[in-house]
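Chemist: Give me a model of this one.
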Amino acid sequence: MSSASRSVLAFGIRATLDELKRMKSDGVDALTVDELTLAGLQEAVEDSVGFPASSDTESGTSVSHHQPMLEPSEASSPDAVSLIHSVTSEGDLTPPRFELPKGSKKERWEWLHEKVLNCETCLANRNTERQIVFGVGNLDADIFFCGEAPGEEEEKQGEPFVGPAGQKLNGMIRGMGLEREQVYIGNIMNWRPRTDSGFGNRPPSPQEIGFCLPYLKAQLSIIQPKVIVALGNTAIQALLSDTTLKVGKVRGHWFEFESVPMLPTFHPSYILHNESNRTKRMVWEDLLKVMERLDLPISDKQRAYFL
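Modeler: Okay, the predicted model is just below:
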């Protein structure tokens, strides 16, 4: 197996692991893989490794019995290590200290927006030719939807929740009888955490979260929402400073962050990967609790609604 083939294989494995970790942080517990996908993965491994698959006559499936491994000397080389280990964050991750200026909500938000867009650490950690992503929405919003970090589409457009998960979130908001423009939407992170492979997503590190939290708190100070909806494990753990919390255990229960009532629920991407009626109903029941807390009108149709 050539060095180039090992690099390609390690590259693909790292991208897959990064995405699986991201999905796990969003609450995904299981995945269904069809035969076509398995065949494609097997073919890709064979192409990279150079071993033909052997036929398993009993099961009728094609299985490769070879498990290529890096030699000790290769695993310790700089190139191999860079493919296997997580990306190290750039710049000073000491949480920033600052005071918001006096003025109107709009003036204070614009000052903070400009500060984050020019933050040296944020710029050093963003992906190449991608954008810093700051919160958007109504500065007088009652609801602050808080996710984990920008995805690929978000860092391209410079706006949170504009990819597939964002479309699902828009549907959740409309189900509540609201429009996206009536709420505020942000993330814990202002940049998409880099991966070794350049593909997929990974949960942010505690240091990255700690750096970005002051910017999130400042947004809350400006918006002064009545409710925070925390989307997914990472957002919940960051806001409650507890990495042991799981969305499946705490969803639907009220907490507080910065003296603002906070309700955890599943991340919209979890619904995309688990489109069962049970999952969609659980998320909708959480949103009903938010509506009740804000005294929003709820019709009989809405009470029986599934996302």
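Chemist: Thought Leu220 was touching Leu112, still the case?
Modeler: No: using C-beta atoms under 8 Å, Leu112 and Leu220 do not qualify as a contacting pair, with a distance of 11.0 Å. All C-beta spots, glycine's among them, are computed from the backbone N, C-alpha and C.
Chemist: Let me see the backbone angles for Thr279.
Modeler: The phi/psi pair for Thr279 (degrees, to the nearest 10) reads phi -60, psi -50.
Chemist: With Leu93 instead?
Modeler: Dihedral angles of Leu93 (phi, psi; degrees, to the nearest 10) stand at phi -100, psi 20.
Chemist: Check the spacing between it and Leu216 real quick.
Modeler: Using C-beta to C-beta, to the nearest Å, Leu93 is found at 15 Å from Leu216.
Chemist: Quick one: the strands in the chain, in order.
Modeler: Ranges of strands within the chain are 54-56, 61-63, 136-137, 143-147, 184-187, 227-231, 255-257, 260-265, based on DSSP state E.
Chemist: Could you dump those into TSV and include distance to Glu99, mean pLDDT and mean neighbour count?
Modeler: Output for the strands of the chain, formatted as TSV (distance: least, C-beta to C-beta, whole Å; pLDDT from 0 to 100; neighbours: other C-beta atoms under 10 Å):
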stretch	distance to Glu99	mean pLDDT	mean neighbour count
strand 54-56	67	39	11
strand 61-63	63	35	13
strand 136-137	23	98	19
strand 143-147	21	98	27
strand 184-187	20	98	25
strand 227-231	22	98	26
strand 255-257	20	98	16
strand 260-265	20	98	22
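Chemist: rewinding a little: higher neighbour count, Leu93 and Leu216?
Modeler: Ranked by neighbour count (other C-beta atoms under 10 Å), Leu93 and Leu216 place Leu216 first, with 24 against 17.
Chemist: Do I have it right that the more buried one meets Gly210?
Modeler: No: counting by C-beta under 8 Å, Gly210 is not a contact partner of Leu216; they are 11.0 Å apart.
Chemist: coming back round to it: Throw the strands of the chain into TSV and include distance to Trp284, thanks.
Modeler: Formatted as TSV, the strands of the chain follow (distance: least, C-beta to C-beta, whole Å):
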stretch	distance to Trp284
strand 54-56	45
strand 61-63	40
strand 136-137	21
strand 143-147	15
strand 184-187	18
strand 227-231	12
strand 255-257	20
strand 260-265	9
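Chemist: from memory Leu117 sits against Arg126, does it?
Modeler: No: Leu117 is not in contact with Arg126 according to C-beta under 8 Å; the separation is 10.5 Å.
Chemist: just the helices in the protein please.
Modeler: Taking DSSP state H, the helices of the chain run over residues 3-25, 35-49, 72-75, 78-84, 105-117, 120-125, 152-157, 164-175, 206-223, 233-240, 247-250, 268-273, 277-293, 300-303.
Chemist: what mean pLDDT would you report for the fourth one?
Modeler: Across helix 78-84, the average pLDDT comes to 32.
Chemist: swap in the fifth one?
Modeler: For helix 105-117, the per-residue pLDDT values average out at 98.
Chemist: the domain parsing of this protein - what is it?
Modeler: 3-84, 105-303 (automatic domain parsing).
Chemist: what does the model give the closest residue to Lys106 other than its chain neighbours for pLDDT?
Modeler: Computed as C-beta to C-beta, 6 or more residues apart in numbering, the closest residue to Lys106 that is not its neighbour in sequence is Leu139, at 6.4 Å. For Leu139, the model assigns a pLDDT of 98.
Chemist: could you list every residue that touches Leu139?
Modeler: Shown in contact with Leu139 (C-beta atoms under 8 Å, 6 or more residues apart in numbering): 105-106, 109, 184, 222-223.
Chemist: I'd like to know which of the residues you listed are buried.
Modeler: Taking 16 or more other C-beta atoms under 10 Å as the criterion, what is buried in the contacts of Leu139 is 109, 184, 222-223.
Chemist: Quick one: those as CSV, columns for distance to Asp196 too.
Modeler: Shown next, in CSV, are those (distance: C-beta to C-beta, whole Å):
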residue, distance to Asp196
Trp109, 35
Tyr184, 33
Ile222, 36
Ile223, 36
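Chemist: Leu20 versus Val227, what's the distance?
Modeler: The value you get for Val227 to Leu20, if C-beta to C-beta is used, is 32 Å.
Chemist: And for Lys168?
Modeler: Lys168 sits 20 Å away from Leu20, going by C-beta to C-beta.
Chemist: Who has more neighbours out of those two?
Modeler: Shown here are Lys168 and Leu20; by other C-beta under 10 Å, Lys168 has more neighbours (21 against 14).
Chemist: which residues touch the residue lying closest to Asp142 once chain neighbours are set aside?
Modeler: Excluding the flanking residues, the one nearest Asp142 by C-beta to C-beta, 6+ apart is Lys226, at 4.4 Å. Going by C-beta under 8 Å, 6+ apart, Lys226 touches 142-143, 260-261, 293-294.
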